[in-house]
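Visitor: I need the structure of the sequence given here:
(chains A and B)
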Amino acid sequence: EVQLLESGGGLGLPGGSLRLSCASSGFTFSTYTMAWVRQAPGKGLEWVSSFSGRDGTTYYADSVKGRFIISRDNSKNTLHLQMNRLRVEDTAVYYCARETGHFDYWGQGTLVTVSS
Amino acid sequence: DVQMTQSPSTLSASVGDRVTITCRASETISSWLAWYQQKPGKAPKLLIYEASILQSGVPSRFSGSGSGTEFTLTITSLQPDDFGTYYCQQHKSYVMPFGQGTKVEIK
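Guide: Okay, here's the model as predicted:
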């Protein structure tokens, strides 16, 4: 059974940093592209970043480019999102998802709140 | 950049009704389109991928059609458990892949 479990959310200060993690199990993690998708309170889904399992290429939404860094540890089946220079508008539930073009499995999400 | 436009933004229907949600792409995306259902406080759930392929375990009352720039999600007989918000997602490119969502309410 595929399972994705996010952690690391919480309260961050504007200009501060947070690091999210996503522990994966039930599939061969290293061969899949993995992604982060977020949802601001009461809003729709916004793709944030993806890390290709095929060639290691990373992709970012313009809204986070230069501030967020996606990484993965295939030995630990874990995906990370380093969130720097946080903004109030980064407040959202962050979902980890397995990506095969579409997103076929999702974690339960972790809430990030950016506020002073 | 591909823009996805969903309609309607909300709909209210009765149990047993046939419901159709439309997603339009600003440029052709072939069949690279998926549909998701999201319930309040929960993660999205994949329903349909590649425009018309039903994800394993999804009830057969859900179906998808279309190619190019116009796509539809159809629920042939709406059930009480089908409330929630439905999103389309294009995967031709990473820019703005999701539609804005359609909230489905049960009358």
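Visitor: quick one, strands of chain B?
Guide: B:4-7, B:10-13, B:19-25, B:33-38, B:45-49, B:53-54, B:62-67, B:70-75, B:84-90, B:102-106 (DSSP state E).
Visitor: same question for chain A.
Guide: Under DSSP E, chain A gives strands at A:3-7, A:10-12, A:18-25, A:33-39, A:45-51, A:58-60, A:68-73, A:78-83, A:92-100, A:102-106, A:110-114.
Visitor: chain B: which of those is closest?
Guide: Judged by CB to the nearest CB, the one of the strands of chain A that comes nearest to chain B is strand A:102-106, at 3.6 Å. C-betas here are computed from N, CA, C, even on glycine.
Visitor: and chain A, which residues reach chain B?
Guide: By CB under 8 Å from any CB of the partner chain, the residues of chain A that approach chain B are A:37, A:44-47, A:50, A:59, A:61-62, A:95, A:101-109.
Visitor: what do you get if the cut-off is 6 Å, keeping everything else the same?
Guide: For chain A, the contact set with chain B under CB under 6 Å from any CB of the partner chain comprises A:44-45, A:47, A:59, A:95, A:101-102, A:104, A:106, A:108-109.
Visitor: filter these to the buried ones?
Guide: For the residues of chain A next to chain B, a burial check counting by 16 or more other CB atoms under 10 Å in any protein chain shown picks out A:45, A:47, A:59, A:95, A:101-102, A:104, A:106, A:109.
Visitor: now those in TSV, with pLDDT?
Guide: TSV is the format used below for these (pLDDT from 0 to 100):
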residue	pLDDT
A:45	97
A:47	96
A:59	95
A:95	98
A:101	92
A:102	96
A:104	97
A:106	98
A:109	98
